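In: need coordinates for the following:
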Amino acid sequence: MAISTSVGLERISRIVGYTIKKGNFANQTPNLPQRIAILGEANTANQGALSLTPIEITSAQEAGTLYGYGSPIYNMMRILRPANGGGVGGIPTVVYPQATASGVAAERELTPTGTATANGTHTIVINGRRNIDGGRYDIDIVTGDTPAVIVAKIVDSINNVLGSPVIAADATTEAVLTSKWEGLTSEELDVIVDTNDTSIGVTYAVVSSATGTGTPAVSTALNLFGSDWNTIVVNPYGAPVFTELEAFNGIPDPSSPTGRYQGIIMKPFIALYGSKVDDPSIITDARKDEVTNAVCPAPFSKGLNMEAAANMATLFSRVAQDTPHLDVNAKSYPDMPIPEDGNIGSMSSYNFRDSIVKKGSSTVDLVSNRYQVQDFVTTYHPVGETPPQFRYCRNLMLDFNVRFGYYLLEQVNVVDHAIAADNDVVSADGVIKPKQWKQIVDNYAKELGLRALIADVPFMQESIEVGISTVNPDRLETAFSYKRTGVARISATTAEAGFNFGEV
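Out: Below you'll find the predicted structure:
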């Protein structure tokens, strides 16, 4: 066997040859690279030239240019990739846009009453935000301003904020605020005016003049995932698309996995959606056999549900990318409006949080005026399975990591290699024996243990089985078991105390 084939063995004439080939000498396999898929609509004004082709975008500004500033896609991207840096960093964010589904844009009428008796600054608060990326919704009022003048100032204040989710129109006696996009998600539009404790003879009333309706189907977008492994999907629509997401992603049933969990695909995802209700388990409890969806709570926030999902995606993607053996416990949402009165309802109670985790709902608490993650779980909690195997999103991502590292080893050491028997004497390259592959997987078990992804390394090592198929000589079969590491979610201590008596 030739040591080098840089020059063909049939060559005779004088020549020098040099070839570079790929080598893989890494001592460890890398963590599973995270990839975030963003579902969402473009603004109404951007629908005409909308391309439904998936595209990786790297900034909120790019999202605004392509899909409209203030659009659902922009709202999520400005959290995933904030203008001041940070966010998900180098993790790819890929947009899978949807066309509007023959819907209606939400509309609110904002009516000022009274003539200003003094100077003052009032602030419009749209979905819990007084500003978007530095652009403020302030109204500078001066003595003598009439409602018509104030309406004009309201319109200017809103329309001067590029990332605002609404467009304001002057109807003389009221300002008409219309969502920039059509759809059920626009019905979350919430508008109030904060007078900043400045009583200058002007009051405000807000009424709904149009209800947002319509949710696009996402199946077409999901079918574009192809061979790309999108590990996290940000779902701005919530429950109306759960069934589509679950049908596409499937379940990891041991006997007959479906969807993206099928053995020949095995590129599943976790879909994140936001919820501002007091008890998200009202929805999650009914989906106890599904592993696809995970709620991102923000109880009683005035922000958008999609913003809560983007906040959790920012936290979870970085942990999954950098330290997959850990979890998002005690991490705070980077950019989510909290209730003005600081009341997050039932979720402030540990007993309540404990009860809804058991029903497949994630939980948060309010700590230092920010939503802090306490539990991040999928809806999976089948009857009789204790503990549920796929409850925690962290555990699913850990399993994804084990599969990814194993896949890389297969590509280097097994795929398209000749299969030799253990006792064969072979000197050719590109050959794998069952005992060689078993040793590689054995070493992989050690690596997984060092990375704290699995516990009890000997258990996995002893479980490894490798053999050549008895019915197909081109088939190498492997099986192994492993124990996931846990996370110290509960720390329980008992201390005994007594008195100090004098010595007898």
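In: okay, CA-based contacts and neighbour counts for the rest of this
Out: Will do.
In: kindly report the domain assignment for the protein.
Out: 36-100+217-394, 107-210, 414-484 (automatic domain parsing).
In: can I get those domains in TSV with mean neighbour count, mean pLDDT and distance to residue 10?
Out: Putting those into TSV (neighbours: other C-alpha atoms under 10 Å; pLDDT from 0 to 100; distance: least, C-alpha to C-alpha, whole Å) gives the following:
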stretch	mean neighbour count	mean pLDDT	distance to residue 10
domain 36-100+217-394	20	97	40
domain 107-210	19	97	68
domain 414-484	16	96	18
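In: close enough to count as contact, residue 168 and residue 176?
Out: Yes: proximity of residue 168 to residue 176 meets the contact threshold set by C-alpha atoms under 8 Å, at 5.5 Å.
In: before we move on, which element is residue 296 in?
Out: Applying DSSP states H and E as the criterion places residue 296 in strand 293-297.
In: and the helix or strand where residue 443 lies, what does it pack against?
Out: Using DSSP H and E, residue 443 maps to helix 434-450. Applying 3 or more C-alpha pairs under 8 Å, 6 or more residues apart in numbering; DSSP states H and E, one finds that helix 434-450 contacts helix 393-413, strand 454-455, helix 457-463, strand 465-468.
In: any idea which helix or strand comes after the strand holding residue 296?
Out: Remark: after strand 293-297, the chain's next helix or strand is helix 305-322, criterion DSSP H and E.
In: check which helices and strands that next one sits against.
Out: Applying 3+ C-alpha pairs under 8 Å, 6+ apart, one finds that helix 305-322 contacts helix 72-80, strand 232-234, strand 270-275, strand 293-297.
In: adding distance to residue 380, write these out as CSV.
Out: Below are these laid out as CSV (distance: least, C-alpha to C-alpha, whole Å):
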stretch, distance to residue 380
helix 72-80, 26
strand 232-234, 17
strand 270-275, 12
strand 293-297, 9
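In: contacting residues around stretch 129-144?
Out: If you take C-alpha atoms under 8 Å, 6 or more residues apart in numbering as the criterion, stretch 129-144 is touched by 83, 115-125, 150, 153-154, 157-158, 160-164, 303, 337.
In: for the residue sitting nearest the centre point of the chain, what are its contacts?
Out: The centroid of the chain falls nearest to residue 313 when counting by C-alpha atoms, centre = their mean (3.0 Å). Contacts for residue 313 (C-alpha under 8 Å, 6+ apart) come out as 80, 232, 234, 272.
In: repeat that for residue 262.
Out: If you count contacts by C-alpha under 8 Å, 6+ apart, residue 262 has them with 252, 256.
In: please apply the same query to residue 201.
Out: Applying C-alpha under 8 Å, 6+ apart to residue 201 gives the contacts 114-118.
In: in a helix, residue 62, correct?
Out: Yes: counting by DSSP: H, G, I helix; E, B strand; the rest coil, residue 62 is part of a helix.
In: which of the contacts of residue 313 sits closest to residue 8?
Out: Nearest to residue 8 among the contacts of residue 313, counting by C-alpha to C-alpha, is residue 232 at 47.6 Å.
In: I'd say the closest one and residue 271 touch.
Out: Yes: between residue 232 and residue 271 there is a contact at 5.9 Å, judged by C-alpha under 8 Å.
In: test of understanding: give the bridge partners of the residue lying closest to residue 378 once chain neighbours are set aside.
Out: Leaving aside its chain neighbours, residue 378 sits nearest to residue 294 (4.3 Å; criterion: C-alpha to C-alpha, 6 or more residues apart in numbering). Counting by DSSP bridges, residue 294 forms beta bridges with residue 272.
In: which residues touch residue 294?
Out: 270-273, 361-362, 376-379, 393.
In: doesn't residue 261 make contact with residue 267?
Out: Yes: using C-alpha under 8 Å, residue 267 makes contact with residue 261 at a distance of 6.4 Å.
In: can you dump the C-alpha coordinates of the strand holding residue 296 into CSV?
Out: Written as CSV, here are the backbone C-alpha positions of strand 293-297 (Å, rounded to 0.1, in the frame of the first residue of the first chain):
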residue,chain,number,x,y,z
ASN,A,293,-44.1,23.5,22.1
ALA,A,294,-42.8,25.4,25.1
VAL,A,295,-44.5,28.4,26.6
CYS,A,296,-42.5,31.5,27.5
PRO,A,297,-44.6,33.2,30.2
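In: what secondary structure does residue 240 sit in?
Out: Here residue 240 takes the helix state, with states given by three-state DSSP.
In: okay, among the contacts of residue 201, which ones form the most distant pair?
Out: Using C-alpha to C-alpha, the pair of these lying farthest apart is 114 and 118, separated by 11.7 Å.
In: skip the chain neighbours and tell me the closest residue to residue 327.
Out: Nearest one to residue 327, counting by C-alpha to C-alpha, 6+ apart, is residue 394 at 5.9 Å.
In: same check, this time on residue 287
Out: That would be residue 379: by C-alpha to C-alpha, 6+ apart, it lies 5.9 Å from residue 287.
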